[in-house]
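Chemist: 3D model of this:
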Amino acid sequence: MRAAAELLELPVRLHGIQLGKPLDALVDLQDDRLIGFELLCGDEAKRFLPFSVARVRDEEIAVESALTLIDERDLDFYLRRSRRLSELAYAEPVVDERGAIHEARSAA
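Modeler: Below you'll find the predicted structure:
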């Protein structure tokens with residue numbers, strides 16, 4: 001599991017080349033599951049990266065192809081069918097390897 005805030009700090013890279021940075025995580029309307037990331041790319045365009053094709057690593061979110069980034073004109077489709085993680089009432093959300101969102105548990 002990874003803290004959602006930590007995920008949003010990771011660069012999105014293709015073979016080590018930075019393509020963009022997450023602006024927010026998008027969450028399914030019916031289920032507390034991450035569907036993907038809204039990205040700001042190097043060309044200043046916003047794009048959508050589906051969580052299912054992202055490979056979360058220690059220092060990056062890796063993609064196998066730039067074609068997995070969905071263009072800005074189609075981003076609105078995903079925005080209408082999701083909620084922004086930043087708008088939800090989680091105190092310290094964590095994300096598991098399947099994209100399920102959980103509240104962080106204290107060590108106490």
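
Chemist: List the buried residues for the helix or strand bottoming out on mean pLDDT in the chain?
Modeler: Least confident helix or strand, the chain: helix 72-80 with a mean of 88, by mean pLDDT, DSSP states H and E. If you call a residue buried by 16 or more other C-beta atoms under 10 Å, then helix 72-80 has these buried ones: 72, 75, 78. Where you see a C-beta, it was placed from the backbone N, CA and C, and this is true even at glycine.

Chemist: Return the residues in contact with residue 70.
Modeler: Applying C-beta atoms under 8 Å, 6 or more residues apart in numbering, we find residue 70 in contact with 47-50, 78.

Chemist: now swap in residue 74 and tell me
Modeler: Residue 74 is in contact with residue 48, counting by C-beta under 8 Å, 6+ apart.

Chemist: residues contacting residue 9?
Modeler: By C-beta under 8 Å, 6+ apart, the residues touching residue 9 are residue 22.

Chemist: Which of the three states applies to it?
Modeler: coil (DSSP: H, G, I helix; E, B strand; the rest coil).

Chemist: I'd like the distance between it and residue 29.
Modeler: Applying C-beta to C-beta, to the nearest Å, the value for residue 9 to residue 29 is 25 Å.

Chemist: average model confidence for the top strand by length along the chain?
Modeler: Longest strand in the chain, counting residues (DSSP state E): strand 17-28. Strand 17-28 carries an average pLDDT of 96.
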